[in-house]
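> Using only what follows, build the 3D model:
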Amino acid sequence: MIPVLSSNIDGYRYLDDQCLLLIAFKSGMTYAYKNVPDFIVLDFVDAPSKGNFFHTFIRDIYPFFKLDPMALENLLAGTSGVLSPKRQPRPPSLTFSALQVKHPVLAAMF
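Model (predicted):
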């Protein structure tokens, strides 16, 4: 599991080949949420409050089932490859030097 800072959620794991989001709670219980698209998981990862995001956008939206420790171990052992969502690369940052090349008037001013 990938740990998160939350008062309610201990960690998560996303099985992208199954669109399955595993969430481990501080209570010790782990649940699997089915058919969760990767963009929801990316938003969950970026959310400042994981618990609030979970309650608003995951809990009552996606079907789920409880995992006992053996089922969780078997599920994780049977997966291969990437277990967290893939992010699109960000475009390169625009630098002041690049702006000066594009807009020569800036070079004269600064």
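> hey, let's count contacts and neighbours off CA atoms from now on
Fine.
> Run through the strands of the chain in chain order.
Ranges of strands in the chain, per DSSP state E, are 2-3, 9-15, 20-25, 30-33, 64-67.
> now the helices for this protein?
Counting by DSSP state H, the chain has helices at residues 38-46, 50-57, 69-77, 96-102, 104-109.
> between these, which gets nearest to residue 32?
helix 69-77 (9.0 Å; Cα to Cα).
> If we go by neighbour counts, what in that closest one is buried?
residue 72 (16 or more other Cα atoms under 10 Å).
> Report the inter-axis angle for that helix versus strand 20-25.
140 degrees (axes from the mean of the first three to the mean of the last three Cα atoms, to 10 degrees).
> Comparing the strands of the chain, which comes out most buried?
Burial of those is given as mean neighbour count (mean count of other Cα atoms under 10 Å); strand 20-25 ranks first at a mean of 22.
> can I get the helices of the chain in a markdown table with distance to residue 13 and mean pLDDT?
Below are the helices of the chain laid out as a markdown table (distance: least, Cα to Cα, whole Å; pLDDT from 0 to 100):
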| stretch | distance to residue 13 | mean pLDDT |
| --- | --- | --- |
| helix 38-46 | 9 | 94 |
| helix 50-57 | 13 | 95 |
| helix 69-77 | 9 | 86 |
| helix 96-102 | 39 | 71 |
| helix 104-109 | 48 | 71 |
